[in-house]
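# Build me a model from this:
(one chain, ligands or ions: 1)
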Amino acid sequence: MQRTVQFVIKVSKHCNLRCRYCYEYPNLSNTETMSLEQLERIYAHIASWYTGLGRPVTVEFVWHGGEPLLIDPDFYWQTFAAQKTIFGENRRLSEMPFKQI
Ligand code: SF4
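Numbers count the residues shown, from 1 in each chain. Next comes the predicted model:
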């Protein structure tokens with residue numbers, strides 16, 4: 001059976017809501033994001049680790065925050081292009097299917 005590994009990327013704490021229970025409340029107006037370079041390093045480590053295991057694994061990325069959709073879509077197009085480079089054109093590395101959530 002193929003395993004699935006999910007990575008939750010908290011790409012920014014910025015959020016346009018103010019839920020009273022939010023544990024990020026003091027940081028919700030911080031518009032800083034992870035850099036594209038940081039994300040590329042994450043992808044490269046993931047690709048290296050799971051390729052080395054030699055067993056098929058499904059890798060999923062969950063974009064989280066804050067509100068990740070407040071970030072310019074171009075940021076995501078750029079990081080998706082980096083994923084394509086690192087995980088392959090069809091977004092597979094060996095038997096590693098690739099998904100965005
Ligand atoms: S990050 Fe989530 S919990 Fe916090 S204010 Fe935004 S929507 Fe609410």
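# neighbours around the residue nearest to Ala44 when sequence neighbours are not counted, how many?
Take Ala44 and drop its neighbours on the chain: the residue closest to it by C-beta to C-beta, 6 or more residues apart in numbering is Ile86, 5.8 Å away. Just so you know, the C-beta spots here come from the backbone N, C-alpha and C atoms, and that holds for glycine as well. Using other C-beta atoms under 10 Å as the criterion, Ile86 is surrounded by 20 other residues.
# Can you report phi and psi for Ile86?
phi -80, psi -40 (degrees, to the nearest 10).
# and it, what does it touch?
When the contact criterion is C-beta atoms under 8 Å, 6 or more residues apart in numbering, the partners of Ile86 are Glu40, Tyr43, Ala44, Ala47, Leu93.
# what does Ile71 give?
Val11, Ser12, His14, Thr33.
# Which residue is the nearest non-sequential neighbour of the last one?
Same thing as Thr33. Of all residues apart from its sequence neighbours, Ser12 sits closest to Thr33 (C-beta to C-beta, 6+ apart), at 4.3 Å.
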